[in-house]
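Trainee: predicted model, plus sequence, below.
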Amino acid sequence: MAKNRGKEYATMSEDERDALAGEPAPPDGERGEVDIPADGPREADRMGRHYGNIEQEYADPDNRDGQAAELDMAEHERRVAQQEAQERREGFNPHNPSDPSQAPTGELDGFRVAMLATDGFEESELTEPRRALLEAGAEVDVVAPKEGSIQGFQHHDKSITVEVDRTLDQARPAEYDAVMLPGGALNADAMRVVPGVKRFLRAMQEENKPFAVICHAPWELISAGLVEGRRLTGYHTIQDDIKNAGGDWQDQETVVDRNWVTSRQPSDIPAFNREMINLFAARAAATRR
């Protein structure tokens, strides 16, 4: 009985599931992007997550009869349907809840982030934080000393190029709510000597705007004269530079110190993205009050 009941639920339409949860069905076209058909591999994955091992939980003839199992299953389905209806209203995708970089859509709506970089940036340290920010609703500009595109690297090898949205001459700190600095030794070493980069970072810090900085990018903070008295991390080979500049280097995947979040390397990116979104969201919430 329980297994049949589970199969019934798998073939229900979204309207039927909303009705089971006590929720009115939304008008056509307003369900959003999280709706998933009731069949196919993704539905099977969802059913597996929600129900676990139905046979093991419900099909024990020594402890319950078929009628009791069906009642238990019906109550479980009702709760699941209520949860999914609530998640749809909040814009969260219940079918991908395990991604640590995923933030609820709209958390950073209207929040503008300047991503400062040039040739030699580490690909994943630009593209993955940018993706996380865009998914959270932020507006992201790649800001570089030159027009056109900038060359990315995967460690020592050239990889993709990324289009520049604005040059440093065109970008004004007052137009942005936060700054993100990707790493890459060539990128950070070039950016740290650009006067416009140092002016931009100092102006952002004067307004206590949030910074997200990874890998070799703390070099730029050092050259801007911002590291003294701050607790941060970065790639292990630059720890002496941070300490010599008066910073307190920590060997942790992320360090949050007031308006900064810093991280060490590409393997830390999931944690870095999570803390970056949290820091930026706190700033966004404070400015909306």
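Mentor: Thanks, I have it.
Trainee: so what touches stretch 154-164?
Mentor: Residues outside stretch 154-164 that contact it (CB atoms under 8 Å, 6 or more residues apart in numbering): 117, 121-124, 126-127, 142-144, 146-153. Just so you know, the C-beta spots here come from the backbone N, C-alpha and C atoms, and that holds for glycine as well.
Trainee: among those residues, which ones are in strands?
Mentor: 121-122, 142-144, 149-153 (DSSP state E).
Trainee: list only buried entries from those residues.
Mentor: The neighbour count (16 or more other CB atoms under 10 Å) marks 121-122, 142-144, 150-153 as buried among the ones in strands among the contacts of stretch 154-164.
Trainee: in TSV, list these along with pLDDT.
Mentor: Shown next, in TSV, are those (pLDDT from 0 to 100):
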residue	pLDDT
121	98
122	98
142	98
143	98
144	98
150	98
151	98
152	98
153	98
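Trainee: so which of those comes closest to residue 206?
Mentor: Closest approach between these and residue 206, by CB to CB: residue 143, at 17.9 Å.
Trainee: so the closest residue to residue 261 other than its chain neighbours is in which element?
Mentor: Using CB to CB, 6 or more residues apart in numbering and skipping the chain neighbours, the partner closest in space to residue 261 is residue 275 (4.6 Å). Take DSSP states H and E as the rule and residue 275 turns out to sit in helix 269-288.
Trainee: which two in the buried ones among the ones in strands among the contacts of stretch 154-164 are spaced the farthest apart?
Mentor: 143 and 153 (18.8 Å).
Trainee: sketch out the strands for this protein, chain order is fine.
Mentor: Using DSSP E, strands in the chain cover 112-116, 121-122, 139-144, 149-154, 157-163, 166-167, 178-181, 211-214, 231-232, 248-249, 254-257, 260-263.
Trainee: for residue 223, find the nearest of the ones you listed.
Mentor: Closest among these, using CB to CB: strand 178-181, at 11.7 Å.
Trainee: got the contact list for that closest one?
Mentor: With contact meaning CB under 8 Å, 6+ apart, strand 178-181 is reached by 111-117, 129-130, 133, 140, 188, 191, 200-201, 204, 209-214, 217, 220-221, 276, 279-280, 283.
Trainee: report the buried members of those residues.
Mentor: Buried among the contacts of strand 178-181 by 16+ other CB under 10 Å: 111, 113-117, 129-130, 133, 140, 188, 191, 200-201, 204, 209-214, 217, 220-221, 276, 279-280, 283.
Trainee: pLDDT averaged over stretch 194-201 - what is it?
Mentor: Stretch 194-201 comes out with an average pLDDT of 98.
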